[in-house]
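Engineer: Need a 3D model of the sequence below.
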Amino acid sequence: MPPIEAPDAFSLYVDTHLARAGDATRSTALAWFRTGAPHEELNGVLYATAAALGDAVAEFGRTPALWHSWPERPEFDVEAQLRARGFEFVEEEPVMTLALGSGSGSPSTARPGPATVRPVETERDLAAWEEIWTGEAPNPVTLRALASAGLGTDRTVHHLLAEVDGVAVGCGAAVVAGRALAVEHIVTAASHRRRGIGSQLAEAALAVGRSHGVRHAILTASPDGAGIYERLGFEAREPVRRFIAPAATG
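Structural biologist: Numbers count the residues shown, from 1 in each chain. Just a heads-up that it's a prediction; the model follows:
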């Protein structure tokens with residue numbers, strides 16, 4: 001079988017974010033998605049030209065969101081304009097991709113490990129997932145937003161819980177958008193880190209993708225997580241820098 005051509009990481013990133021919310025838009029100058037949850041990772045301006053930033057600011061108002069700047073794409077490298085508006089830098093992460101094969105749709109399972117990883121199927125499960133992800137008690141508004149794309153037979157976001165002795169100790173998510181998969185929200189409780197649970201969750205997310213015939217996976221990696229994903233075969237493609245609006249910092 002010939003090797004699968006590496007797709008444009010930028011397009012994969014945008015596609016798998018727009019799939020998370022019914023309220024989303026995409027043009028040549030601007031793309032954003034909005035779940036309505038009071039959490040910046042669940043709303044985002046994925047790219048914007050300098051000329052389109054004003055429209056995006058007016059659209060989002062005080063909605064918590066991550067605003068993206070792409071250093072290697074001049075038309076969407078808007079860091080200077082964001083800083084001029086008082087936006088605060090949050091992080092720079094590499095966008096990483098992985099080819100998954102032929103995308104035959106055959107179910108696959110992750111390797112066994114110290115935790116049991118299972119899909120979230122109920123609102124109770126989703127509340128436990130949110131608590132692990134945020135480190136706080138579930139927020140009803142966030143829970144509704146997560147459920148809209150993450151429960152039911154037509155879900156695009158497949159939430160995953162890692163449990164040890166029946167107690168939730170980790171979470172992750174697999175976002176399926178056509179033949180693309182985003183591995184997201186991999187978090188392990190502090191009491192259970194460095195045991196391989198993060199790798200288990202990432203592999204389980206990839207298994208979800210394979211079961212849906214996905215051909216390419218994408219993620220962004222923190223410094224602590226990059227090594228995990230490199231061992232799974234992910235390769236860094238380009239950086240993305242994220243910002244939050246002044247209202248979100250105060």
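Engineer: When you work out contacts or count neighbours from here on, use the C-alpha atoms and nothing else.
Structural biologist: Noted.
Engineer: what comes into contact with stretch 189-204?
Structural biologist: Residues outside stretch 189-204 that contact it (CA atoms under 8 Å, 6 or more residues apart in numbering) are 109-115, 117, 132, 160-162, 169-172, 183, 186-188, 228-229.
Engineer: how far does that stretch stretch from start to finish?
Structural biologist: In stretch 189-204, first residue to last residue: 17 Å (CA to CA, to the nearest Å).
Engineer: for stretch 118-134, which positions count as buried?
Structural biologist: Residues of stretch 118-134 classed as buried: 119, 120, 121, 125, 126, 127, 128, 129, 130, 131, 132, 133 (neighbour count, 16 or more other CA atoms under 10 Å).
Engineer: pLDDT averaged over that stretch, what's the number?
Structural biologist: Here stretch 118-134 scores 97 as its mean pLDDT.
Engineer: Now it - C-alpha only, PDB.
Structural biologist: The C-alpha trace of stretch 118-134 is given here as PDB (Å, rounded to 0.1, in the frame of the first residue of the first chain):
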ATOM      1  CA  ARG A 118     -14.600   3.400  28.500                       C
ATOM      2  CA  PRO A 119     -16.900   5.700  26.500                       C
ATOM      3  CA  VAL A 120     -19.100   8.300  28.200                       C
ATOM      4  CA  GLU A 121     -22.700   7.400  27.500                       C
ATOM      5  CA  THR A 122     -24.800   9.200  30.100                       C
ATOM      6  CA  GLU A 123     -25.000  12.700  31.600                       C
ATOM      7  CA  ARG A 124     -23.700  11.300  34.900                       C
ATOM      8  CA  ASP A 125     -20.600  10.000  33.100                       C
ATOM      9  CA  LEU A 126     -20.200  13.300  31.400                       C
ATOM     10  CA  ALA A 127     -20.400  15.200  34.700                       C
ATOM     11  CA  ALA A 128     -17.600  12.900  36.000                       C
ATOM     12  CA  TRP A 129     -15.600  13.600  32.800                       C
ATOM     13  CA  GLU A 130     -16.100  17.400  33.200                       C
ATOM     14  CA  GLU A 131     -14.900  17.300  36.800                       C
ATOM     15  CA  ILE A 132     -11.700  15.500  35.800                       C
ATOM     16  CA  TRP A 133     -11.100  17.800  32.800                       C
ATOM     17  CA  THR A 134     -11.600  21.100  34.700                       C
END
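Engineer: what's near enough to touch residue 20?
Structural biologist: Here residue 20 is in contact with 33, 35, 149, 156, 157, 175 (CA under 8 Å, 6+ apart).
Engineer: Now rank those by neighbours and give me the top one.
Structural biologist: Neighbour counts for the contacts of residue 20 (other CA atoms under 10 Å) peak at residue 175, which has 28 neighbours.
Engineer: right, and the secondary structure at residue 142 would be what?
Structural biologist: For residue 142, the assignment made with DSSP: H, G, I helix; E, B strand; the rest coil gives helix.
Engineer: Quick one: neighbours of it, just the number.
Structural biologist: Residue 142 has 17 neighbours, counted by other CA under 10 Å.
Engineer: if we can go back for a sec, inside helices: which ones of the contacts of stretch 189-204?
Structural biologist: 132, 228, 229 (DSSP state H).
Engineer: ok, these vs residue 9, which is closest?
Structural biologist: Using CA to CA, residue 229 comes nearest to residue 9 of the ones in helices among the contacts of stretch 189-204, at 15.5 Å.
Engineer: neighbours of residue 83, just the number please.
Structural biologist: Residue 83 has 15 nearby residues by other CA under 10 Å.
Engineer: Sort out which of the contacts of stretch 189-204 are buried, if you could.
Structural biologist: 110, 115, 117, 132, 160-162, 169-172, 183, 186-188, 228-229.
Engineer: got the residue ranges for the helices in this protein?
Structural biologist: 9-18, 53-60, 79-84, 123-134, 140-150, 197-211, 226-231, 246-249.
Engineer: which one of those is the most hemmed in?
Structural biologist: Compared across the helices of the chain, helix 197-211 shows the largest average neighbour count, a mean of 25 (mean count of other CA atoms under 10 Å).
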